[in-house]
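Asks: A structural model of the following input is requested.
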Amino acid sequence: MKSLCNYGHRVLLAFILSGMTIPVSGAADDFDDYNTTDVITHVMQTYSRVFSARGRITRSFESGGEKQSYSGTFAVRKPDHILVEFVGDNHQYVGFDGTTFRLFFPAENKGIYKEAGSMNELERFITGPEPLFGNILSLINDAFSVKLADMVQGNLILKASPKKPLLFNFVLIAVDPKTWTVRAVEHFDRENKLVSQTKFLEFKSIGDSLFFPTKIATSSVSNENLYVESTELSRVQLNVIIEDEVFRIPGKSDTNWILESTLEKNQK
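Replies: Residues are numbered from 1 along each chain as shown. Here you go, the predicted structure:
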């Protein structure tokens, strides 16, 4: 049975590893026109304008020569609600209602759950709705030191370094100053090796201020294994009213709900 954290990891790490690692030197002439505080403020303002989205979702995943594809529907609402239903042979629901994360398999009448209170801030972020909105800066807070490091191919590069040791040494975030949207995110491990990269390739836009990512390319490296994933969203509706009922996992009274920590313990 799948893990909630594994699912959330793939949702956030929308990456394609390539030779296009973001450099942090050789800034362009107009780099001096910007400062860290203003860049972060502009980005946060852009992403604050979208508070909900719903539509269709297709996710393709490849690892170790194995390819899988899932299609279905999604609904997200800030600050903490998400429901994704994948239909077909792998019918499943993944959702968060503000307190509990759940992964439900209707055919087996089984599910996995994890309480948000038992997760750290990073786990809650990568499993929740924010990755679909595309703003990694919503996770960056006082625990990180952020500075404007460079300007490359028209994109401003922010470097975020955790103030206390984490699994990664720093994160590079590419920002388009024309739209103030995040276009790429790269994580580097404690040896400064690139281990994951996110590229937000296409956006649904309304006017010149509403932007929502609709095509995300994903990859990450773990234990020398390469995981590649693409997410495409279509028929997207932005800033619509989505009632709480939409985010409820349709389990039954006799559904076998398993606490994820118990499942992980039994698998060891």
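Asks: Please count neighbours and contacts with C-alpha atoms only from this point.
Replies: Will do.
Asks: got the contact list for residue 130?
Replies: Shown in contact with residue 130 (C-alpha atoms under 8 Å, 6 or more residues apart in numbering): 78, 79, 80, 136, 138.
Asks: Count the neighbours of the last one for me.
Replies: Neighbour count of residue 138, defined by other C-alpha atoms under 10 Å: 16.
Asks: How about the fourth one?
Replies: Number of residues near residue 136 (other C-alpha under 10 Å) recorded here: 18.
Asks: Report the contact partners of it.
Replies: By C-alpha under 8 Å, 6+ apart, the neighbours of residue 136 are 130, 182, 185.
Asks: What about those residues, which are in strands?
Replies: Judged by DSSP state E, strands contain the following of the contacts of residue 136: 182, 185.
Asks: Can I get the contacts of residue 136 in CSV including distance to residue 145?
Replies: Compiled in CSV, the contacts of residue 136 are given as follows (distance: C-alpha to C-alpha, whole Å):
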residue, distance to residue 145
130, 21
182, 18
185, 16
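Asks: mind listing the helices for this structure?
Replies: Under the criterion DSSP state H, the chain contains helices at 4-12, 36-48, 121-127, 130-133, 260-267.
Asks: Go through those and find the least confident stretch.
Replies: Averaged per stretch, pLDDT over the helices of the chain is lowest on helix 4-12, reaching a mean of 39.
Asks: and residue 236, how many neighbours?
Replies: 16.
Asks: residues contacting it?
Replies: Residues in contact with residue 236, defined by C-alpha under 8 Å, 6+ apart, are 53, 54, 55, 56, 204.
Asks: do you know how far residue 180 is from residue 39?
Replies: 8 Å (C-alpha to C-alpha, to the nearest Å).
Asks: circling back to that earlier point, list only buried entries from the contacts of residue 236.
Replies: 53, 54, 55, 56, 204 (16 or more other C-alpha atoms under 10 Å).
Asks: now the second one, which residues is it bridged with?
Replies: According to DSSP bridges, residue 75, residue 237 are recorded as the beta-bridge partners of residue 54.
Asks: Can you check the pLDDT for it?
Replies: 97.
Asks: show me the contacts for the closest residue in space to residue 82 that isn't next to it in sequence.
Replies: If the residues on either side of it in the chain are set aside, residue 82 comes closest to residue 76, at 4.4 Å by C-alpha to C-alpha, 6 or more residues apart in numbering. Residues near residue 76 by C-alpha under 8 Å, 6+ apart: 52, 53, 54, 82, 83, 129, 132.
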